[in-house]
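**Student:** below are the sequence and a predicted model for it; my questions follow.
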2 protein chains.
Amino acid sequence: NAVFSLNDKSVINGVATHSSGNHAQALARAGRLRRVPVYIVMPRNAPRVKINAVRNYGGIITFCEPTLKAREETLKWVIKETGSVEIHPYDNYRIIEGQATCTMELIEDAGAPDMILCPVGGGGLLSGTALAAAYFSKNTEVIACEPAMADDAYRSFRAGRLIPGVNPETIADGLLTSLGERNFPIIRKFVKDIVTVSEESIIEAMRLVYERMKIIIEPSSAVPVAALIENKLDVKGKTVGIILSGGNVDLKNLPF
Amino acid sequence: NAVFSLNDKSVINGVATHSSGNHAQALARAGRLRRVPVYIVMPRNAPRVKINAVRNYGGIITFCEPTLKAREETLKWVIKETGSVEIHPYDNYRIIEGQATCTMELIEDAGAPDMILCPVGGGGLLSGTALAAAYFSKNTEVIACEPAMADDAYRSFRAGRLIPGVNPETIADGLLTSLGERNFPIIRKFVKDIVTVSEESIIEAMRLVYERMKIIIEPSSAVPVAALIENKLDVKGKTVGIILSGGNVDLKNLPF
């Protein structure tokens, strides 16, 4: 959605980002469909599975040192050199709109559930989910689930102001980012609550989904399932939709 | 279907089998739903993931030596001791009917494809698939896919008579069995063709499904995808449905 809603002139030199998971792959694929170059800045220690996925979808990778500072600086340099446009992975309204389609499809396919559980990192998927639920089904509550070890969204939500995470460390590597400025107001308004879960439950939830549902998910996607395992929510008699957000995982290095 | 179509009297002492994959799990679950005991004979070297799955679904396991002879003898003994009824994993019309629902659902959900690809081992899933396709969509061709290293169905189909496999050895461990007597006539009548694939393509196909579709499949399920990788079929401009038949795989021991 973000790539296709730019006009021809602004997109002519391509798009760029320094995300390396879903966002990078989606951007690479959207860029190929729109026939514009896609520049992805990735830390040089990124897992091979992510590098291969981005390359297979046609992304042009620039490697950098594995720090946030190096990623941001390298991205600036790439944008300057190529004239491409940055597409932020979550703090971007067009990205939020795109993420909202997931809940739209969930409601189309399975009917509106009483509750939707969604992981939260930067808040792109969560704000899209909450907007879509509010729009398509007024009676559906959206609950965000976050690792206790990276609980900036939980704390920000409770405090009513953005509190960035400090050195978050969780196996759910897609949720290390802190809430975006555009995401937080939407989350405050449309998300019912945020709960946190332990690292152990995340791993247990991941294993359960692999073994019983046969779906490859990354630890970030297991976070809402972990909230159910921990009995953090009153779901008795309710229909619950869970957003499984991604499967970028190194199968040689599973945590169980 | 097999468990529920038995009358109360015949099912009262439970059901039994010596399969250890999908069939054992399905039987355990069906038995629990019908509140009858389910006895599963498994080789004592069966992967933990299969043992756990059967136990979780409530199956009662008897371990035996890892040979076909020991499995059959132990099953006979279990049936004698318990008065349970054997449910054969594929050479059974009720099982074939149950397997047919997969193609019924495929056609309901996605419309009738031009072609359906299905793996073949004992032929339970394949005969169900072929019957359902013939019943619900006359223009859909069913093609069976088999490992070249366990090609008894391919040879039987060509010869027009049942030729049991001799020491088949393939990574697709769900397809080691030879065609059943009840399955073969259905396959001859309703299956358009059988193609074989190499072990290398099976592994490549498995990896592709894991990394791009994020679905956990066992090697047996990758066999039809391997047929596409090998360009064994003329699929140009056609819609193709693929039956992914199972995901009983030890994630600690992937072939890639």
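**Tutor:** Sure thing, it's come through. Residues are numbered from 1 along each chain as shown, chains lettered A, B, ... in the order given.
**Student:** using PDB, write out every CA atom in the helix or strand that contains A:Ala100.
**Tutor:** Assigned by DSSP states H and E, A:Ala100 belongs to helix A:93-110. Output in PDB follows, covering the C-alpha atoms of helix A:93-110 (Å, rounded to 0.1, in the frame of the first residue of the first chain):
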ATOM      1  CA  TYR A  93       0.000   6.000   7.800                       C
ATOM      2  CA  ARG A  94       0.200   4.100   4.500                       C
ATOM      3  CA  ILE A  95       1.900   1.200   6.300                       C
ATOM      4  CA  ILE A  96      -0.700   1.300   9.000                       C
ATOM      5  CA  GLU A  97      -3.400   1.100   6.400                       C
ATOM      6  CA  GLY A  98      -1.700  -1.900   4.800                       C
ATOM      7  CA  GLN A  99      -1.400  -3.600   8.100                       C
ATOM      8  CA  ALA A 100      -5.100  -3.100   8.700                       C
ATOM      9  CA  THR A 101      -6.000  -5.400   5.800                       C
ATOM     10  CA  CYS A 102      -5.000  -8.400   7.900                       C
ATOM     11  CA  THR A 103      -7.900  -7.800  10.400                       C
ATOM     12  CA  MET A 104     -10.200  -7.000   7.500                       C
ATOM     13  CA  GLU A 105      -9.400 -10.400   6.000                       C
ATOM     14  CA  LEU A 106      -9.700 -12.100   9.400                       C
ATOM     15  CA  ILE A 107     -13.200 -10.700   9.800                       C
ATOM     16  CA  GLU A 108     -14.200 -11.500   6.200                       C
ATOM     17  CA  ASP A 109     -13.000 -15.100   6.500                       C
ATOM     18  CA  ALA A 110     -14.000 -16.000  10.000                       C
END
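**Student:** that helix near chain B at all?
**Tutor:** No. Figure legend: helix A:93-110 not in contact with chain B (C-beta under 8 Å from any C-beta of the partner chain); closest approach 9.9 Å. Just so you know, the C-beta spots here come from the backbone N, C-alpha and C atoms, and that holds for glycine as well.
**Student:** how about the contacts made by A:Ile12?
**Tutor:** Counting by C-beta atoms under 8 Å, 6 or more residues apart in numbering or on different chains, A:Ile12 makes contact with A:Val36.
**Student:** returning to what we had before: buried set for the helix holding A:Ala100?
**Tutor:** Within helix A:93-110, the residues that count as buried by 16 or more other C-beta atoms under 10 Å in any protein chain shown are A:Ile95, A:Ile96, A:Glu97, A:Gly98, A:Gln99, A:Ala100, A:Cys102, A:Thr103, A:Met104, A:Leu106, A:Ile107.
**Student:** make sure A:Ile61 is indeed in a strand.
**Tutor:** Yes. Residue state for A:Ile61 (DSSP: H, G, I helix; E, B strand; the rest coil) corresponds to a strand.
**Student:** I'd say it and A:Met42 touch.
**Tutor:** Yes. With contacts counted by C-beta atoms under 8 Å, A:Ile61 reaches A:Met42, the gap being 5.5 Å.
**Student:** what residues are shared contacts of these two?
**Tutor:** A:Ile51, A:Val54.
**Student:** the more surrounded of those two?
**Tutor:** Taking other C-beta atoms under 10 Å in any protein chain shown, A:Ile61 and A:Met42 do not tie; A:Met42 has more neighbours (24 against 19).
**Student:** quick one: average confidence on the helix or strand where that one lies?
**Tutor:** Per DSSP H and E: A:Met42 is located in strand A:38-43. Averaged across strand A:38-43, the pLDDT comes to 94.
**Student:** can you read off the pLDDT for A:Asp250?
**Tutor:** 82.
**Student:** against A:Leu254, how distant is the closest residue to it other than its chain neighbours?
**Tutor:** Among residues not flanking A:Asp250 along the chain, A:Pro47 sits closest, at 4.7 Å (C-beta to C-beta, 6 or more residues apart in numbering or on different chains). Here the criterion is C-beta to C-beta, to the nearest Å. By it, A:Pro47 lies 12 Å from A:Leu254.
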